[in-house]
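J.: return a 3D structure for these sequence lines:
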Amino acid sequence: MYDTEPQTAGGKVLWHFTMSLDGFVAGPGHAMDWMTGLSNRPGLIDEYVETTGAVLGGRDGWDLAVASGGRTYGGAWDGPVFVLTHHPEDATPADGVTFLDCGPVEAVRIGLEAASGKNLEVLSPTIGRQLLELGLIDEIDLHIAPVLLGEGIRLYDNPGAAPIRLHRVGEGDPAAEINVRYRPHPPAPARA
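T.: Now for the predicted structure:
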């Protein structure tokens, strides 16, 4: 059973991540090796390949992706990628990638135009936070992984800011908390 409806291509600004149970979207130094061995709902990747029109990311994530040879959805998706950076002149170029040195509002305008009616996926915690504060995020789509990282890059890190209330998409009370239940693996030793 899944708690959200399938993703649709509605021209949304979609902040999308797999996140550890303790709120990290990457390990220290943007490491993503913690995701190895995780499984997705059947058809999930195909859903995003179909509904994503463009991607907006940050420079740190881009530099790591270039170094590791990574591509969006393992290379299954092909489309315009926009990297927001203050220093486009020293970025490693790649086909289909445009480096933007502008504000986040302009980056969203450019990305949505390139997405041609499909979704603009935001794959950066920093840019996502900025867009959320500007009221430019239409939806946050999280896949909570059964792992505790303990440190790394948080999805949302904004000390001193007021809480941002969210409403869940789908059935049920949109403001209700979600129950997530796991056991440590391997299981803890039996207690006497």
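
J.: and the helices in this structure?
T.: With DSSP state H as the definition, the chain shows helices at residue ranges 44-51, 59-68, 104-115, 125-133.

J.: pick the most deeply packed of these.
T.: Stretch with highest mean neighbour count among the helices of the chain: helix 125-133 (a mean of 21; mean count of other C-beta atoms under 10 Å). C-beta here means a position set from N, CA and C on the backbone, and glycine is covered the same way.

J.: packing partners of that one?
T.: Judged by 3 or more C-beta pairs under 8 Å, 6 or more residues apart in numbering; DSSP states H and E, helix 125-133 is in contact with strand 13-20, strand 52-58, helix 104-115.

J.: try 10 Å this time
T.: Other elements packing on helix 125-133 under the criterion 3 or more C-beta pairs under 10 Å, 6 or more residues apart in numbering; DSSP states H and E are strand 13-20, strand 24-26, strand 52-58, helix 59-68, strand 81-84, helix 104-115, strand 119-122, strand 153-154.

J.: make a markdown table out of these and add mean pLDDT and distance to residue 33.
T.: Shown next, in a markdown table, are the helices and strands packed on helix 125-133 (pLDDT from 0 to 100; distance: least, C-beta to C-beta, whole Å):
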| stretch | mean pLDDT | distance to residue 33 |
| --- | --- | --- |
| strand 13-20 | 92 | 12 |
| strand 24-26 | 92 | 10 |
| strand 52-58 | 95 | 19 |
| helix 59-68 | 76 | 10 |
| strand 81-84 | 94 | 22 |
| helix 104-115 | 97 | 28 |
| strand 119-122 | 96 | 22 |
| strand 153-154 | 92 | 13 |
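
J.: tell me which of these sits nearest to residue 32.
T.: Checking the helices and strands packed on helix 125-133 against residue 32 by C-beta to C-beta gives strand 24-26 as the closest, at 5.9 Å.

J.: check the offset of the closest one from the chain's centre.
T.: Relative to its chain's centre, strand 24-26 lies at 9 Å (C-alpha atoms, centre = their mean, to the nearest Å).

J.: ok, residue 94 touching residue 83?
T.: Yes. The criterion here is C-beta atoms under 10 Å, and residue 94 meets it with residue 83 at 9.4 Å.
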